[in-house]
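**Student:** Need the 3D shape of this:
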Amino acid sequence: MEKTIAGISTEEFFASGHRACAGCGVALAARHALKAAGKNTIVVTATSCLEVFSTPYPETSWRVPWIHGAFENAAAIASGIDRALKTLGKRKDTNLLVFGGDGGTFDIGLQALSGAAERDQNFCYVCLDNAAYMNTGIQRSGATPKYASTTTSPAGKIIHGKTEFKKPMPFIMAAHGAYVATANITFPLDFINKVKKGLAFDGPAYIQVYVPCPTGWKFANNLTIDIAKLAFETKITPLYEIEKGILTISRKPAKEIPVKEYLKLQGRFKHVTDDEIRDIQQHVNNEWKRLLELEKNKSRVC
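**Tutor:** Below you'll find the predicted structure:
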């Protein structure tokens, strides 16, 4: 009989011994997602930190069938696997899980992901959101927050980091009719349950999980969970689901914490001014108010 704790299998499908940086949020997310999916799973991974640190030839951390694709085509590969399993009559017995970083999802992989969702392909896509192209040198992506300093949006005397707010990727995917959820590694059971729900959904599912990166964000590697928790408590990364266009907030912070408490722990924001902090706070306040109104009115997000 399978051993479980709080309903979660104790069996590991993502092995330890990989080469992720200390404190890597991506490694935690991959482990938890595989807990949700189980052994009857095929995984597709786009080029990313996850691909690089989990498969240094001839070693691998994957204890389920796994395939690596380019930055841009993970969803296209998953589409082919979905069709092949249906043709073989094995689709109902197999979970199909896709991992992509925010660069390979928000930007380079958006075309393939959008096409797959429009075709109603059946897979659960997990976006590992660490807010930049970490594997290739910490370049800015569509997920990078405003004012964050990266190698391609450096904080200078005139321009203080990235000049745009984060792309609303969950709402873009909701417009495709997908099951959508946001998650945070601080709350593993919430994430695991959302992955299970995404895998059970008859069609495309998109889960965006918040995974802090000590290397790219410039914080001590023992603060990963603290940073993730602060992102939730400051409402920078709200937790919600969108089903059939209707948004439900999964969990609400117990108290108000200003965004400056989150920003001050990260080197990528060390340059921000008081005015810029106020700009970020206002944006967070407006977005949270919008989520509350959508939930209250049960308005379709798209």
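**Student:** from here on, contacts and neighbour counts on C-alpha atoms
**Tutor:** Will do.
**Student:** Can you show me the strands along this structure?
**Tutor:** Assignment of strands within the chain using DSSP state E yields the ranges 4-5, 8-9, 41-46, 66-69, 95-101, 124-129, 179-184, 205-210, 239-243, 246-251.
**Student:** comparing the ones you listed, which gets the lowest mean pLDDT score?
**Tutor:** Note on those: lowest mean pLDDT is at strand 4-5, with a mean of 79.
**Student:** Could you list the paired strands of it along with their orientation?
**Tutor:** Strand 4-5 has its sheet partners listed here by DSSP bridges as strand 8-9 (antiparallel).
**Student:** For the strand it pairs with, give me every contacting residue.
**Tutor:** Outside strand 8-9, the residues that touch it by Cα atoms under 8 Å, 6 or more residues apart in numbering are 2-3, 35-36.
**Student:** Among those, which one lies nearest to residue 26?
**Tutor:** residue 35 (14.3 Å; Cα to Cα).
**Student:** What residues are bridge-paired with the residue nearest to that closest one when sequence neighbours are not counted?
**Tutor:** With Cα to Cα, 6 or more residues apart in numbering as the criterion, residue 35 has its nearest non-adjacent residue at 6.3 Å, and that residue is residue 9. Beta bridges link residue 9 to residue 4, judged by DSSP bridges.
**Student:** So residue 9 versus residue 93, what's the distance?
**Tutor:** For residue 9, the distance to residue 93 equals 18 Å [Cα to Cα, to the nearest Å].
**Student:** out of these two, which sits in the busier spot?
**Tutor:** Legend: neighbour count by other Cα atoms under 10 Å for residue 9 and residue 93, higher for residue 9 (15 against 10).
**Student:** Next one: that one relative to residue 2, how far apart?
**Tutor:** 7 Å.
**Student:** And for residue 106?
**Tutor:** According to Cα to Cα, residue 106 stands 37 Å off from residue 2.
**Student:** One more: residue 235?
**Tutor:** 37 Å.
**Student:** who's in contact with residue 3?
**Tutor:** Contact analysis of residue 3 by Cα under 8 Å, 6+ apart lists 9-11.
**Student:** got the residues you listed as a markdown table, with distance to residue 257 columns?
**Tutor:** Output for those, formatted as a markdown table (distance: Cα to Cα, whole Å):
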| residue | distance to residue 257 |
| --- | --- |
| 9 | 35 |
| 10 | 35 |
| 11 | 37 |
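**Student:** With respect to residue 244, which of those is nearest?
**Tutor:** Nearest member of those to residue 244, counting by Cα to Cα, is residue 9, at 29.7 Å.
**Student:** what bridges to the residue lying closest to residue 292 once chain neighbours are set aside?
**Tutor:** Nearest residue to residue 292 in three dimensions, chain neighbours excluded: residue 249, at 7.9 Å (Cα to Cα, 6+ apart). When assigned by DSSP bridges, residue 249 has beta-bridge partners residue 240.
**Student:** now swap in residue 68 and tell me
**Tutor:** Here residue 68 sits in beta bridges with residue 45, going by DSSP bridges.
**Student:** Identify the residues contacting it.
**Tutor:** Residue 68 neighbours (Cα under 8 Å, 6+ apart): 44-47, 51, 74.
**Student:** can you name the two of those residues that are farthest apart?
**Tutor:** 51 and 74 (11.7 Å).
**Student:** what do these two both touch?
**Tutor:** Common neighbours of residue 51 and residue 74, counting by Cα under 8 Å, 6+ apart, are 45, 68.
**Student:** neighbour-wise, which of these two wins?
**Tutor:** Per other Cα under 10 Å, whichever of residue 51 and residue 74 has more neighbours is residue 74, with 26 against 21.
**Student:** Touching, residue 116 and residue 77? I think so.
**Tutor:** No - at 9.7 Å, residue 116 does not count as touching residue 77 under the criterion of Cα atoms under 8 Å.
**Student:** Which one's more surrounded, these two?
**Tutor:** Higher neighbour count among residue 116 and residue 77: residue 116, with 22 against 19, using other Cα under 10 Å.
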